[in-house]
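Undergrad: Could you work out the structure for the sequence below:
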Amino acid sequence: MVEWTDQERSIITSIFSSLDYDDVGPKALCRCLIVYPWTQRYFGSFGNLYNAEAIKSNPNIAAHGTKVLHGLDRAVKNMDDIKATYAELSVLHSEKLHVDPDNFKLLADCLTIVIAAKMGSAFTPEIQATFQKFLAVVVFALGRQYH
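TA: Residues are numbered from 1 along each chain as shown. Next comes the predicted model:
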């Protein structure tokens, strides 16, 4: 079980309370699909992913990016039991969708970059450490079914 300090909880809550989900989610997913093109294979039904511009203008990708970011709300609201919170999603991604669990880490890294760019100098090393701890717990929980 992960231990969270009151300050860490406050940092995570603060980050998510100020996010524009319809901006940050799509940007993070687009970045992941462009920087790591092999991740596109899981999105074959999403339409044209031929190049970076097609990915950035794809409404299905944008909608899924927003959905993923809203999915992180569940972890924010259940920080003491993130593993159980994502048990069902872990099964879905491993057994039905067959998503490589390393892709969760790639997306988490892209999300960190997008949020750091949005926050600018407010994204201090302390905030980054807390955010990355949070994402590491989520990534572990989503990959749990694979172990």
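
Undergrad: List the residues that contact the residue positioned nearest the centre of the chain.
TA: Against the mean C-alpha coordinate of the chain, by CA atoms, centre = their mean, the closest residue is Ala108 at 4.7 Å. Going by CB atoms under 8 Å, 6 or more residues apart in numbering, Ala108 touches 132, 135-136, 138-139. Quick note: C-beta positions are derived from backbone N, CA and C, even for glycine.

Undergrad: 7 Å instead?
TA: By CB atoms under 7 Å, 6 or more residues apart in numbering, the contact list for Ala108 reads 135, 139.

Undergrad: Quick check: which element contains it?
TA: Assigned by DSSP states H and E, Ala108 belongs to helix 102-119.

Undergrad: How far off centre is that helix?
TA: 7 Å (CA atoms, centre = their mean, to the nearest Å).

Undergrad: which residues of the chain score low on pLDDT?
TA: Scanning the chain with the threshold set as pLDDT under 70 gives 1, 82, 84-100, 144-147.

Undergrad: Okay, helices next: where are they in it?
TA: For the chain, the helices defined by DSSP state H occupy 6-17, 21-35, 52-56, 59-77, 82-85, 87-91, 102-119, 125-143.

Undergrad: Show me what the third one is packed against.
TA: On a contact count with 3 or more CB pairs under 7 Å, 6 or more residues apart in numbering; DSSP states H and E, helix 52-56 meets helix 21-35.
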